[in-house]
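**Q** predicted model, plus sequence, below.
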Amino acid sequence: MKLMHTRLPDFYQKIKDAAIKLRPNTGFEVKGLESFKTAKLASLRVGRVEDEIYEITQDESVKKVEVIIVPYNPETHHTVIIKGIKEDGTCKKAILENMYLSSPTAEYELFDVEEIDDRRSGNRQ
Amino acid sequence: MKLKYRVIPQGAADGAVPLNWAFIDKKDICSAGLTDLEACKVVGKDFGDDCAAVNIMDMDAITVTSDGIIANGAVVGVASVDHGMINKEFGYLNISEIPFSQKMLDEESHMKLWLTDFYKGRKLFRGPSTEDRGDRTSHNENMTMTGRIANNNCGSEVMNMVEMTEILAPFFGQYEIMTDGEVIIGVAGPVVSVGIGMIVSERHGRIFGGNNLGAYRAGMTAHNSGVYAKTVKRDYPAIAAPKSVLAEYTLRAFDIGLVAGKDIGCSPAVLCLAKAYGKPIAYENITARAWIELESVGITKEFLQSPSKVMTREEVIANADSIIPGMEDAKKYAVSDICEIRYAEI
């Protein structure tokens, strides 16, 4: 069962490896998960992303791969953790609050795209 | 074939309008043989590489303002468009008709206005049904989002999330846009900021209420933020109808016996109109939290209970600019001077 989920650092390595698998000089950039320092990802989905990155490099005109991860639901619901830290580094008190964020949707990254192949599950229209 | 639509373009009204806001008449969509979503896509493509908020307007229907006042016309669909795209899950929101029922009249006393000759028999649209909301979850507002544009509260406040600008359009202003009337455009200011939070309880309301009546009733403040309520929307530009229009529609509620702060909201505009028209105010029904917000913009019980000349309907409407507080640096525009009529290729 340990293969069910992928460690976040392994995810980053896997998608970079996929990008340069065909041509090692292919450029690569990933962004969107900067605030996540540790996480586990569903391995089957990571595998799909790896395959899709490899697939997109099949086109010889592709010189760089960008992987951008944005929330599916663009109005996100967050918990704000406000911590009061003492001199010795321990936390005296934490206050939890809700916060909502409306941020640009995936389309913001798609303005100049020639072809969009939407393979996400759950599309309604 | 072409689809007619209206747009208040970015930069209109001496630069006060920060983003494109398009309005499509439902009749023009029907004439073109399009669905509402298809019409939004057509308009989105017409904006090319630009972005816009889109409201679909049924001018034969009715809707309800945040004060609980019924208005002619209704927003029946909203969208956000950017580079011709509409986000598949969150970029479009249909707003279904709400059928008449005695239960609604019993639960939502402001809806008695629907029985008056002004509105009787007309279709009602306020907020989306549960099905309309689609993939939106409980924390999501009645909002569409595509690319840079968010169109919130069923088409009454729109934002550019990259430039981080925003503009409001209370519904009577939208009606003026659709009918080539007049609008006032200015900064909402603290009075409007307080007032738009003083809503009524509704199932499937424009802002709140899904299948239930929501947590807020007339006499309460949905902002519920004390002296800070006056800052919430203070700095945003707003497109509103002339105050005489707001007065005319609000007096219709008083004329059938609806009471400010009990049946309809307790915004500064409603309370000041009630005072001028000599109509009762449900002082005891207005919560302490609401009074904090009202007093923060100078609307106190002492002021409201102070003696003043009771005006006739005609006098209130004629003096609406001095009776109704709110909007700063506001300037009146003929809609024809700020609104473009465009025809999009289908």
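**A** The structure has been received and is ready for your questions.

**Q** of all residues in the stretch 151-300 of chain B, which one is closest to chain A?
**A** residue B:161 (5.1 Å; Cβ to the nearest Cβ). C-beta here means a position set from N, CA and C on the backbone, and glycine is covered the same way.

**Q** my read is that that residue contacts residue B:150, right?
**A** Yes - applying Cβ atoms under 8 Å, one finds residue B:161 in contact with residue B:150, separated by 5.8 Å.

**Q** what residues does chain A have near chain B?
**A** Residues of chain A lying close to chain B by Cβ under 8 Å from any Cβ of the partner chain are A:72-75, A:77, A:100, A:102-108, A:110-111, A:118, A:122-125.

**Q** which strand or helix spans residue B:27?
**A** Residue B:27 is part of helix B:26-31, with elements assigned from DSSP states H and E.

**Q** flag every buried residue along that helix.
**A** When neighbours are counted by 16 or more other Cβ atoms under 10 Å in any protein chain shown, the buried residues of helix B:26-31 are found to be B:26, B:28, B:29.

**Q** can you narrow the residues you listed to ones near chain A?
**A** Residues shared between the buried residues of helix B:26-31 and the neighbourhood of chain A: none [Cβ under 8 Å from any Cβ].

**Q** which bits of chain B sit near chain A?
**A** With Cβ under 8 Å from any Cβ as the criterion, chain B comes near chain A at residues B:37, B:49, B:82-83, B:85, B:87-91, B:134-137, B:139-141, B:143, B:145-148, B:150, B:159, B:161-162.

**Q** okay, and which of these map to strands?
**A** Judged by DSSP state E, the subset of the residues of chain B next to chain A located in strands is B:82, B:145, B:146, B:150, B:159.

**Q** on that earlier part again, where do the contact lists of residue B:161 and residue B:150 overlap?
**A** Common neighbours of residue B:161 and residue B:150, counting by Cβ atoms under 8 Å, 6 or more residues apart in numbering or on different chains, are residue A:102.

**Q** and those two? Which one has more around it.
**A** In this comparison of residue B:161 against residue B:150, neighbours counted by other Cβ atoms under 10 Å in any protein chain shown, the higher total goes to residue B:150 at 25 against 20.

**Q** closest one of the ones in strands among the residues of chain B next to chain A to residue B:166?
**A** Of all those, residue B:159 has the smallest distance to residue B:166: 4.5 Å, by Cβ to Cβ.

**Q** and residue B:253, what does it touch?
**A** Residue B:253 makes contacts with B:68, B:69, B:110, B:113, B:263, B:264, as judged by Cβ under 8 Å, 6+ apart.

**Q** is the third one in a helix, a strand, or coil?
**A** Read it as residue B:110. helix (DSSP: H, G, I helix; E, B strand; the rest coil).

**Q** element containing the nearest residue to the residue of the stretch 151-300 of chain B closest to chain A once chain neighbours are set aside, please.
**A** Counting by Cβ to Cβ, 6 or more residues apart in numbering or on different chains, residue B:161 lies nearest to residue A:104, which is 5.1 Å off, once chain neighbours are set aside. Of the helices and strands defined by DSSP H and E, none includes residue A:104.
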